[in-house]
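Colleague: got a structure for you, letters missing:
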């Protein structure tokens, strides 16, 4: 609760430390302990893994999993592959392998996975085994990726839809369970922020740290943008923190106000060494009103991608923590609410919001940088070698952002546009 909802990382660390001192060690305690460090300090997490591996050899599979995650975050493909190969029986082994090496899909026998799919469906129906839904989701995703490689897009989309179906069923029990999806929709997040605003006293002061919020839809180019800002400004790249959402939960549950910057300092201990920080929690666009009320100098960079490409890019990924992202209808509804809110806030706060198009970032990066310099009014990074600062990628794009920026991603899903045809009248922005 302290870590996930209230953002009290210090208290979380103390609670875990007490358990460890009492020798109350199990897989859950180790997972929670490593989770506290993995995102912001993967190198420290690797050191902890070395210690734990010697002390608790029975937990070697779990420790190897964290080794893989850390090296993936750092971008060390060779070592990430090494630790991934140690857990070949893992449910997500093949899907992770495909993410690291797109050509790995060549080596997979489609018939093996089709037979596996048929067998799993048969067992699930006859024995009513809900736990098979997770395996079915991964199997369908692998089949979809193979059909994509073979350029059979209709079959690819059929199995992709199946993968989403089984994933949602596995995690949320029933397709009728809309509570999780609805709770993450922008209009509901905005309503929650309005309740919190009532409890916040308006502040207007200059602070040393410049907060920069990167907002937009998932898969809109936000990871490339954060990396670009990181390499050109003296800022701390915090990634997707969910800190504003945790701040709102604190406000509503405790009925008292406090500086949300403290939550950033708790989680990122070195944040004061920088001129500012980026928070790439994309759904923060729902909280723009609240954030500006508290910090009038806050800056928002809104990432926009070709709407069709953006929607289909979301649909082509199985997001583990986005319950709304597992059906085209929900994805389109989410995107529609995003466009409505952003249009409203761009009119209210034109000086606080800069919109960057994904295509401009790919085709004219220097021009985009000029616009960002003008908007942020911050000095260019004085560090001669950007590699002396470490950029950690923790999202679905963690391998893609380490490649050279290419225009091949601009019309990546053009062969899939047909599945959006029936929605064109309802959502006019799909024609943009």
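Modeller: Arrived safely, thanks for sending. If you're wondering where the values come from, they're calculated on a predicted model, not measured in any experiment.
Colleague: And for stretch 336-345, what's in contact with it?
Modeller: Stretch 336-345 is touched from outside by 185-187, 190, 215-217, 285-286, 288-289, 300, 302, 353, 427, 429, with contacts defined as CB atoms under 8 Å, 6 or more residues apart in numbering. All C-beta spots, glycine's among them, are computed from the backbone N, C-alpha and C.
Colleague: What mean pLDDT does it get?
Modeller: Averaged over stretch 336-345, pLDDT sits at 97.
Colleague: What helices and strands are in contact with the host helix or strand of residue 368?
Modeller: Under DSSP states H and E, the secondary-structure element containing residue 368 is helix 365-376. Contacts defined by 3 or more CB pairs under 8 Å, 6 or more residues apart in numbering; DSSP states H and E place helix 365-376 against helix 222-232, strand 299-304, strand 353-357, helix 358-363.
Colleague: Of the contacts of stretch 336-345, grab the buried ones for PyMOL.
Modeller: Selecting the buried subset of the contacts of stretch 336-345 in PyMOL, with 16 or more other CB atoms under 10 Å as the burial test, is done by:
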select buried, resi 185+186+190+215+216+217+285+286+288+289+300+302+353+427
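Colleague: residues near the closest residue to residue 273 other than its chain neighbours, how many?
Modeller: Spatial nearest neighbour of residue 273, excluding adjacent residues (CB to CB, 6 or more residues apart in numbering): residue 236 at 7.7 Å. When neighbours are counted by other CB atoms under 10 Å, residue 236 registers 22.
Colleague: contacting residues around the nearest residue in space to residue 353 that is not next to it in sequence?
Modeller: Spatial nearest neighbour of residue 353, excluding adjacent residues (CB to CB, 6+ apart): residue 300 at 4.7 Å. When the contact criterion is CB under 8 Å, 6+ apart, the partners of residue 300 are 212, 213, 214, 215, 284, 285, 288, 345, 349, 352, 353, 354.
Colleague: roughly how far apart are residue 300 and residue 94?
Modeller: Taken as CB to CB, to the nearest Å, the spacing of residue 300 relative to residue 94 amounts to 38 Å.
Colleague: Check residue 417 too.
Modeller: In this view, residue 417 and residue 94 are 28 Å apart by CB to CB.
Colleague: Give me the more crowded residue out of these two.
Modeller: For the pair residue 417 and residue 94, the greater number of neighbours falls to residue 94 (19 against 15), based on other CB under 10 Å.
Colleague: Show me the shaky parts of this structure.
Modeller: For the chain, applying pLDDT under 70 flags the ranges 1-7, 24, 126-130, 173-178, 202-207, 381-407.
Colleague: Tell me the secondary structure of the residue nearest to residue 184 when sequence neighbours are not counted, please.
Modeller: Nearest residue to residue 184, sequence neighbours excluded (CB to CB, 6+ apart): residue 324, at 5.4 Å. Assigned by DSSP: H, G, I helix; E, B strand; the rest coil, the conformation of residue 324 is helix.
Colleague: close enough to count as contact, residue 324 and residue 335?
Modeller: No - counting by CB atoms under 8 Å, residue 335 is not a contact partner of residue 324; they are 10.0 Å apart.
Colleague: Please name the bridge partners of residue 214.
Modeller: Under DSSP bridges, the beta-bridge partners of residue 214 are residue 301.
Colleague: Tell me how many other residues surround the closest residue to residue 295 other than its chain neighbours.
Modeller: Across the structure, with CB to CB, 6+ apart as the measure, the residue nearest residue 295 apart from its sequence neighbours is residue 211 (5.9 Å). Other residues lying near residue 211 total 22 when counted by other CB under 10 Å.
Colleague: returning to what we had before: of the contacts of residue 300, which is the nearest to residue 88?
Modeller: Distance from residue 88 was checked for each of the contacts of residue 300 by CB to CB. The minimum falls on residue 214, at 36.0 Å.
Colleague: residues touching that closest one, list them.
Modeller: By CB under 8 Å, 6+ apart, residue 214 lies in contact with 222, 225, 226, 229, 278, 279, 280, 282, 300, 301, 303.
Colleague: Leaving out chain neighbours, which residue sits closest to residue 91?
Modeller: Nearest residue to residue 91, sequence neighbours excluded (CB to CB, 6+ apart): residue 138, at 5.8 Å.
Colleague: Where does the one you found sit, in terms of helix or strand?
Modeller: Using DSSP H and E, residue 138 sits within helix 132-149.
Colleague: now the next helix or strand after that helix against helix 132-149, angle please.
Modeller: The helix or strand immediately downstream of helix 132-149 is helix 153-172, counting by DSSP H and E. For helix 153-172 against helix 132-149, the angle by axes from the mean of the first three to the mean of the last three CA atoms, to 10 degrees is 160 degrees.
Colleague: how distant is the helix or strand that helix 153-172 is followed by from the center of its chain?
Modeller: The first helix or strand that comes after helix 153-172 along the chain, using DSSP H and E, is helix 179-183. The chain centroid and the centroid of helix 179-183 are separated by 18 Å under CA atoms, centre = their mean, to the nearest Å.
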